[in-house]
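Q: Sequence isn't available, so here's the structure alone:
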Ligand SMILES: Cc1cc2nc3c(=O)[nH]c(=O)nc-3n(C[C@H](O)[C@H](O)[C@H](O)COP(=O)(O)O)c2cc1C
C-alpha cells in the first residue's frame, strides 16, 4: 500500500509530500489504523538509561519537530519517539526549497535549519498528546543566538522540557545552523555539557524525577575527534549518545540530481560512516547506551547497526522511502537477534 502512496507522494516536492504524509498519518491514527500500517506492534522490552523501552526501534528527531503528530507516530509501533529539534523561540528555518530526495542513492539532503514553532508550543503539544510511550525531546539553539551564548538557549529549553520528556537530547550536530557543530569540540563541549548536567541534576532533585541526558553527534569526525567527544561525555556524566546526525560529505552522491545541494545528507550513504563512529564510541565507552541512527532501511541494516555497537536504533530516511512497515520489520529483526544471544 505504501508503494502506491509513495509513487503519488514522490510526484510532489519533498516538503509538501512530508506535510501530506503526516496529515494522512494523523487521520489513520484517528481511525485506529496506524498500528496496522506499522506492521504490528513488537513487544521486545529493554531497560536503558533507567527507562523501559517497549522495543528497540525509535523515530529519529526532525520528522515531528513540534510534537504535532505524536499520537499517530506513537501508534505505528515505535518503541520511542524523539520530537524536535526545538529552540527557545519559534523560527522559520531556511527558505524553500530546503528538502531534496535522491532516490537512486536512497538518500535525502536537507537544510531545514531548525524550522519550529518554539519550545512552548512543543511542550503544549506533548502535554495534550495521549501517547504513553517513551518521548525524547531534542533541543537546540536559535539561529540568531550567537554561538558564545548557545548554552543559554540549551538551558532555557532544558528547563521547559524537563517535566515532559523521558529523555532529553542535546543536538550539537546539525550542519544547518552555522557554528553549531563547533560545540562538539574542545572547551565548548565541556562547558556546554558541564552546565547542562549540573542544571539537569538540580531539576532532577527538585522534581524527584531523573531525566537522562543524551548527546547527538555528527558522522564527520576523525577517530581522534570521536575519542575526545567520548572522553567529554564520560567526564560530564552524560547518560547516552546518539550517533549520528546527517553528513556534510557528498562523495556518495557526486553527479546525482540534487547531489550538490547544501545541507545534511542522510539515508544509505550515511550508514557506514555512522557505523564507524558507533564502533569507535563502543570501543571507548563500553557501558554507555548508544542509539544508532543513519541509513537503516531494512531489518538487516538495523541488526548491522546493533552489531556495530548500538543498543537502540532510530529511523528517518528509511521510513520515508520504505514507509511505516519498516518499523515492525526492524523491531522483529532486532527481537530475533537478541533472542539468539
Ligand atoms: C529532513 C530532515 C530533518 C532532520 N531534522 C533533524 C533535527 O531537527 N534534529 C536532529 O537531531 N536531527 C535531524 N535530522 C537527522 C535525523 O534525525 C538522523 O539523525 C539522520 O537523518 C540520519 O538518519 P537516517 O539516515 O535514518 O535519516 C533530520 C533529518 C532529515 C532527513
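A: On my side now, so go ahead. A quick note: this is a predicted structure, and the numbers were derived from the prediction, not measured.
Q: so who does residue 113 touch?
A: Shown in contact with residue 113 (CB atoms under 8 Å, 6 or more residues apart in numbering): 91, 93, 94, 98, 143, 176, 177. C-beta coordinates here come from the backbone N, C-alpha and C atoms, glycine included.
Q: quick one, what contacts the last one?
A: What it means is residue 177. Contacts of residue 177 (CB under 8 Å, 6+ apart): 113, 114, 140, 141, 143.
Q: ok, those residues vs the ligand, which is closest?
A: Lowest distance from the ligand to these (CB to the nearest ligand atom) belongs to residue 114, with 6.0 Å.
Q: Pull the contacting residues for that closest one.
A: Contacts of residue 114 by CB under 8 Å, 6+ apart are 65, 85, 87, 91, 93, 140, 142, 143, 174, 176, 177.
Q: Next one: the last one relative to residue 48, how far apart?
A: According to CB to CB, to the nearest Å, residue 177 and residue 48 sit 28 Å apart.
Q: repeat for the fifth one
A: The spacing between residue 93 and residue 48, counted by CB to CB, is 32 Å.
Q: for the fourth one, same thing?
A: With the distance defined as CB to CB, residue 91 ends up 32 Å from residue 48.
Q: So the two - more neighbours on which side?
A: When residue 91 and residue 48 are compared on other CB atoms under 10 Å, the one with more neighbours turns out to be residue 48, at 19 against 16.
Q: Now do the helices in the chain.
A: Under the criterion DSSP state H, the chain carries helices at the ranges 2-9, 14-30, 34-37, 70-74, 119-128, 150-161, 186-207, 223-235, 271-284, 299-308, 317-322, 325-340.
Q: neighbouring contacts of the fourth one?
A: Residues lying outside helix 70-74 but in contact with it, judged by CB under 8 Å, 6+ apart, are 22, 25-26, 28-30, 34, 59, 63-64, 81, 83, 125-126, 129-133, 135.
Q: Return the residues in contact with the residue of the stretch 101-250 of the chain at minimum distance from the ligand.
A: Closest to the ligand within the stretch 101-250 of the chain is residue 110: 3.6 Å, counting by CB to the nearest ligand atom. For residue 110, the contact set (CB under 8 Å, 6+ apart) comprises 62, 98, 99, 100, 176, 246, 263, 264, 266.
Q: ok, the first one touching residue 112?
A: Yes - here residue 62 lies in contact with residue 112, judged by CB atoms under 8 Å, at a distance of 7.2 Å.
Q: Just want to know which of these two has more residues nearby.
A: residue 62 (23 against 20).
Q: How about residue 3: what's its closest non-neighbour residue?
A: Distance criterion CB to CB, 6 or more residues apart in numbering; nearest residue to residue 3, sequence neighbours excluded, is residue 323 at 7.6 Å.
Q: Ok, residue 81 next?
A: Nearest non-adjacent residue to residue 81 (CB to CB, 6+ apart): residue 59, at 4.7 Å.
Q: isn't that neighbour right up against residue 318?
A: No - taking CB under 8 Å as the definition, residue 59 is not a contact partner of residue 318, at 11.1 Å.
Q: quick one: low-confidence parts of the stretch 201-341 of the chain?
A: For the stretch 201-341 of the chain, no stretch has pLDDT under 70.
Q: Around the ligand, which positions in the stretch 51-200 of the chain sit nearby?
A: 60, 61, 62, 65, 85, 99, 108, 110, 112, 138, 171, 174 (CB under 6 Å from any ligand atom).
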